[in-house]
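Engineer: got a predicted structure plus its sequence, pasted below:
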Amino acid sequence: MTLAVRYLAARTLDTAPAENPPPGPGQVEIAPAYVGICGTDLHIFHGDMDARVAAPAVLGHEMAGRIVRVGAGVADWSPGDAVTVMPLRWDDTCPACQAGHQHICQHLDFIGIDSPGAMQQRWT
Ligand SMILES: [Zn+2]
């Protein structure tokens, strides 16, 4: 079993068991070693981003760690490799992406805010 730090409500975090599915095609599982607490994380912690962040939420978008497992089709990374993560996923289809502005994608997934982040013992 692995654990995750979860944001529950303003000024309230806990630790709880986390799902640890094997990495799917094109994915890697990481053992985070260090996770930064950024100013955005503090805004979330203070409850200022409750309209965007769906609690319980695993935060953490600034991290360093090592790859533990790789999914099918992953050829460039191997278990043991040291990594950090650019915490943005864009769709490449919206007008912003088509104009080359993926960082303001209309469907941007800011990992650790919009989807589970790195404050957990295993992160896929
Ligand atoms: Zn887009």
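Structural biologist: Yep, that arrived.
Engineer: what are the bridge partners for Thr84, then?
Structural biologist: Beta bridges link Thr84 to Ala64, judged by DSSP bridges.
Engineer: tell me who's in contact with it.
Structural biologist: By Cβ atoms under 8 Å, 6 or more residues apart in numbering, Thr84 lies in contact with Met63, Ala64, Gly65. Heads up, the C-betas are built off the backbone N, CA and C, glycines and all.
Engineer: neighbours of the first one, how many?
Structural biologist: Burial measure for Met63: 21 neighbouring residues, criterion other Cβ atoms under 10 Å.
Engineer: could you list the low-pLDDT ranges of the protein?
Structural biologist: Judged against pLDDT under 70, the chain has no low-scoring part.
Engineer: buried residues in the longest helix belonging to it?
Structural biologist: If you go by DSSP state H, the chain has its longest helix at helix 39-45. For helix 39-45, the neighbour count (16 or more other Cβ atoms under 10 Å) marks Thr40, Asp41, Ile44, Phe45 as buried.
Engineer: ok, what's across the strand from the nearest residue to Gln121 once chain neighbours are set aside?
Structural biologist: Sequence neighbours aside, Thr2 is the residue nearest to Gln121 in space, at 3.9 Å (criterion: Cβ to Cβ, 6 or more residues apart in numbering). When assigned by DSSP bridges, Thr2 has beta-bridge partners Ala18.
Engineer: how close does Thr2 get to Glu29?
Structural biologist: For Thr2, the distance to Glu29 (Cβ to Cβ, to the nearest Å) stands at 10 Å.
Engineer: tell me, what's touching those two both at once?
Structural biologist: Residues touching both Thr2 and Glu29 (Cβ under 8 Å, 6+ apart) are Asn20, Arg122.
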